[in-house]
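**Q** need coordinates for the below:
(one chain, ligands or ions: 1)
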Amino acid sequence: MADLDKQQVLDALDSIIDPVSGQGLTTAGLVRGLTVSATRAGFMLEVPAADVERYAQVREAAEGVLYSLPGIEKAQVVLTAEVAEPHAPRPGPQAKLSPQAADQGKPKAPVATARPDHVKHVVVVGSGKGGVGKSTVSLNLALGLKTLGLNVGWLDADIYGPSGPVMLGLNTPPSFSEDKKMLPPLAFGLKVNSVGFLVDPDQAMIWRGPMASQALTQLLTQTQWGTQAQPLDVLIVDLPPGTGDVQLTLTQKTVIDGAVVVSTPQDMALIDARRAVTLFDKTQIPVLGIVENMAYFMGADGTPIEIFGRGGAKKMAETLERPFLGEVPLDPALRQAADSANPLRDGPVAERFAEMAKVLWAQLAL
Ligand code: ADP
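**A** Below you'll find the model as predicted:
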């Protein structure tokens, strides 16, 4: 069956009346991040926090409309509350707030005292900048932890550029349990969920901060990561780059047992990585390791070529007195593996990730 046209879906959704404005849902601008494929359709219904309850029925009606469209077997409407933040700046797609700026004008938010149900440890992987290989490192660390016999989850929370669907070769929203929790698909032995499963990755770029935080909260707490009988040992969370609102939100939603910071060796990346470490310090999240990605390229004659310089992240780890987890070379096989949904599972680079995972797990187990 040919994919439905997005406009057809928007038109159908406009037949539902928004109880606040009296307009159709689409006209009222409430349909965000619509994704449509041959058999699935979904979007985010973003409404003011005070009105969330009023929209529960609208959400159900919208799912009903989606199900009534030809070919649609799975419909999902995620209701998110827009939190009013009159004094907070609206971050753009890659906007960064310094920890100091993020602190200003905000009430001190409560820090979470629990992890998501049946999750024993939560580790976030962050970077100061995009494109340094944070997602690649976080997924491979998760796979490394898996090789230790652990039950591991990977949450792609990179709201501004979710790479999960491409890296995992999965593009379907999770199904739901009877108690309405998302059942994470299994990929390479990992329980996975991605913001990219719920919304079109291109649409994700235009999310506003509070909406992104809501979606992240749902992914984190409304996913059935583990069960009483089979708890998850570690949940690895791939954060968006930078030191912005999303990172801070997370600290209010779950206990975070530690952070891994990924950097390339160049000065610019290191300056931003240092900011990421500062943010984790401010939020009392222990930095369990710094990883230097793309540290060198192994030449054909076995001589390492230090394309971006080498050792900068290691030095930073020493200066800041944080554990250095290790170097990852610039490796075309790693790139190809990451970009073709076939992660490296053996060979020297995979072994290196397994080694780093061992060090990480040793620290968590402490
Ligand atoms: P980020 O999450 O920091 O934005 P990604 O993990 O998406 O970065 O990586 C960006 C690109 O660089 C991807 O194409 C990925 O495959 C590639 N990449 C990351 N690390 C390496 C590496 N060590 N060697 C080769 N390619 C890499």
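**Q** up against the ligand, what does the stretch 51-200 of the chain have?
**A** Taking C-beta under 6 Å from any ligand atom as the contact definition, the stretch 51-200 of the chain meets the ligand at 127, 130, 131, 132, 133, 134, 135, 136, 163. (C-beta placed from N, C-alpha, C; glycine too.)
**Q** as CSV, those residues with secondary structure and pLDDT would be great.
**A** Shown next, in CSV, are these (DSSP: H, G, I helix; E, B strand; the rest coil; pLDDT from 0 to 100):
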residue, secondary structure, pLDDT
127, coil, 91
130, coil, 85
131, coil, 87
132, coil, 91
133, coil, 93
134, helix, 94
135, helix, 94
136, helix, 95
163, coil, 88
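**Q** out of those residues, who's nearest residue 275?
**A** residue 127 (10.1 Å; C-beta to C-beta).
**Q** quick one: contacts for that closest one?
**A** Listed by C-beta atoms under 8 Å, 6 or more residues apart in numbering, the contact set of residue 127 reads 134, 239, 241, 261, 262, 263, 269, 272, 273, 276.
**Q** mind giving me the PyMOL command for buried ones among the residues of the stretch 51-200 of the chain next to the ligand?
**A** In PyMOL, this line selects whichever of those come out buried by 16 or more other C-beta atoms under 10 Å:
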select buried, resi 127+130+132+133+134+135+136+163
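**Q** tell me which of the contacts of residue 127 is nearest to the ligand?
**A** For the contacts of residue 127, the residue nearest the ligand by C-beta to the nearest ligand atom is residue 134; the value is 3.4 Å.
**Q** leaving out chain neighbours, which residue sits closest to the closest one?
**A** residue 127 (4.1 Å; C-beta to C-beta, 6 or more residues apart in numbering).
**Q** quick one: the one you found from residue 296, how far?
**A** Distance of residue 127 to residue 296, computed by C-beta to C-beta, to the nearest Å: 19 Å.
**Q** residue 34 too?
**A** From residue 34 over to residue 296 the distance is 44 Å, taken as C-beta to C-beta.
**Q** ok, now residue 137?
**A** Residue 137 is 16 Å from residue 296, by C-beta to C-beta.
**Q** repeat for residue 219
**A** 35 Å.
**Q** look at those two and report which has more neighbours.
**A** The neighbour comparison of residue 219 against residue 296 (other C-beta atoms under 10 Å) goes to residue 219, with 24 against 21.
**Q** hang on, that one in a strand?
**A** No: under DSSP: H, G, I helix; E, B strand; the rest coil, residue 219 sits outside any strand and is assigned helix.
**Q** assign a three-state SS to the closest residue to it other than its chain neighbours, would you?
**A** Once flanking residues are discounted, residue 219 sits nearest to residue 193: 5.4 Å by C-beta to C-beta, 6+ apart. Under the three-state scheme (three-state DSSP), residue 193 adopts strand.
**Q** what's the burial count for residue 193?
**A** For residue 193, the neighbour count with other C-beta under 10 Å is 28.
**Q** now it, which residues is it bridged with?
**A** Bridge pairing for residue 193 (DSSP bridges) gives the partners residue 155.
**Q** that one is in contact with residue 224, isn't it?
**A** No: assessed by C-beta atoms under 8 Å, residue 193 is found out of contact with residue 224, at 9.8 Å.
**Q** find residues that contact each of those two.
**A** With C-beta under 8 Å, 6+ apart as the test, residue 193 and residue 224 both reach 182, 184.
**Q** low-scoring stretches of the stretch 51-200 of the chain, by residue?
**A** Applying pLDDT under 70 to the stretch 51-200 of the chain flags the ranges 81-110.
**Q** one more pass at 80, please.
**A** Applying pLDDT under 80 to the stretch 51-200 of the chain flags residues 51-53, 78-111, 159-161, 172-173, 198-200.
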